[in-house]
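Asks: Predicted model follows, preceded by the sequence.
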Amino acid sequence: MKNILSKKWTRLILVILVCFLDIAFSAFYIYWMKNRHIAIPVSEASGNMGEIFIQNIISVGFPIILLIGMYCILKKKFSKELYLRIETKRQKIYIILLSAVLVGILSVLLIIKTDRITVIYALFYYVFIIAFWEEIVIRGICVYFVKGYSTIFRFLIPNIAFAFMHIFSYSSWGALSTEYVMNFVTNDVLGLVFAGCIFQLLKEKTGTIWIPVLVHGILDYTSVFAF
């Protein structure tokens with residue numbers, strides 16, 4: 001396995017394959033849930049806690065298996081290579097400040113929203129189910145696969161894949177018409193690539209993946225204001 005990972009072209013294929021399998025697994029599962037009319041949106045978490053929790057955990061089944069596989073491959077280098085360590089005082093300060101922002105948003109939402117259960121569950125959903133696993137898969141594992149590439153390719157390859165992973169979610173997991181795909185490519189891809197590169201820059205500059213996880217989580221969690 002290590003010899004395979006040493007070849008640059010194979011690493012590129014691995015990035016594409018990982019992203020394809022991740023979104024294919026989620027798309028198949030969510031489409032299946034929607035066709036059976038049992039898919040539960042996060043905005044309706046209240047009263048469906050058990051069902052939606054299981055639904056969300058299953059939806060990240062592939063990333064969980066992938067992370068376990070990476071641990072078996074990297075072993076002692078696992079935390080270092082995926083930037084999971086929190087070692088410096090600066091890292092800890094950033095994490096505390098970003099966590100305080102999340103708590104602040106949560107506090108405001110608990111005041112202005114009547115469905116407090118959904119507000120609390122949404123925090124778990126957007127930070128753990130979305131932000132954590134997207135950062136681990138893209139800015140962690142996929143970036144690890146292309147770490148021998150030039151800076152521009154190391155940033156662009158995983159984050160272009162990251163952008164196209166949103167093609168189903170941006171359509172609310174509905175049918176992908178030619179018109180929708182063209183609109184997605186022309187209006188959404190560039191912004192998603194830019195956001196992904198920012199998340200990756202945060203990871204590399206701070207030395208820990210937890211900073212982009214929290215920033216990503218904060219940005220996504222603000223969508224609860226629209227619930």
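Replies: Yes, it's here.

Asks: Look up the pLDDT of Q55 for me, please.
Replies: Q55 is assigned a predicted lDDT (pLDDT) of 94.

Asks: need the longest helix for this structure.
Replies: helix 8-35 (DSSP state H).

Asks: what's that one packed up against?
Replies: helix 2-5, helix 49-59, helix 61-74, helix 143-145, helix 151-164 (3 or more Cβ pairs under 8 Å, 6 or more residues apart in numbering; DSSP states H and E). Every residue, glycine included, has its C-beta placed from N, CA and C.

Asks: Comparing the ones you listed, which comes out most buried?
Replies: Most buried of the helices and strands packed on helix 8-35 by mean neighbour count (mean count of other Cβ atoms under 10 Å) is helix 143-145; its value is a mean of 23.

Asks: pLDDT (mean, whole number) over that helix?
Replies: Here the average pLDDT along helix 143-145 is 93.

Asks: Can you name the element that comes right after the strand or helix carrying A195?
Replies: Using DSSP states H and E, A195 maps to helix 189-206. Using DSSP H and E, the helix or strand that directly follows helix 189-206 along the chain is helix 210-221.

Asks: What residues of that following helix count as buried?
Replies: Neighbour counts over helix 210-221 (16 or more other Cβ atoms under 10 Å) mark 210-218, 220-221 as buried.

Asks: want to throw those residues into CSV with distance to A161 and pLDDT?
Replies: Converted to CSV, these look like this (distance: Cβ to Cβ, whole Å; pLDDT from 0 to 100):
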residue, distance to A161, pLDDT
W210, 22, 98
I211, 21, 98
P212, 16, 98
V213, 18, 98
L214, 22, 98
V215, 20, 98
H216, 16, 97
G217, 21, 97
I218, 23, 98
D220, 19, 96
Y221, 24, 97
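
Asks: quick one, what contacts S177?
Replies: With contacts defined as Cβ atoms under 8 Å, 6 or more residues apart in numbering, S177 has no neighbours.

Asks: just for the protein, where's the confidence low?
Replies: 1-8 (pLDDT under 70).

Asks: now the residue nearest the centre of it, nearest residue through space, not along the chain?
Replies: Nearest to the mean C-alpha position of the chain, counting by Cα atoms, centre = their mean, stands E134 at 1.7 Å. For E134, ignoring the flanking residues on the chain, the nearest one in space by Cβ to Cβ, 6 or more residues apart in numbering is H216 at 6.8 Å.

Asks: What separation do you get for that neighbour and L14?
Replies: Distance from H216 to L14, counting by Cβ to Cβ, to the nearest Å: 23 Å.

Asks: quick one on the thing from earlier: who wins for proximity to K203 among the helices and strands packed on helix 8-35?
Replies: helix 143-145 (7.8 Å; Cβ to Cβ).

Asks: Just list what the closest one packs against, helices and strands only.
Replies: By 3+ Cβ pairs under 8 Å, 6+ apart, helix 143-145 packs against helix 8-35, helix 151-164.

Asks: can I get the ones you listed in JSON lines with distance to G69?
Replies: Shown next, in JSON lines, are the helices and strands packed on helix 143-145 (distance: least, Cβ to Cβ, whole Å):
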{"stretch": "helix 8-35", "distance to G69": "10"}
{"stretch": "helix 151-164", "distance to G69": "17"}
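
Asks: Done for today, thanks.
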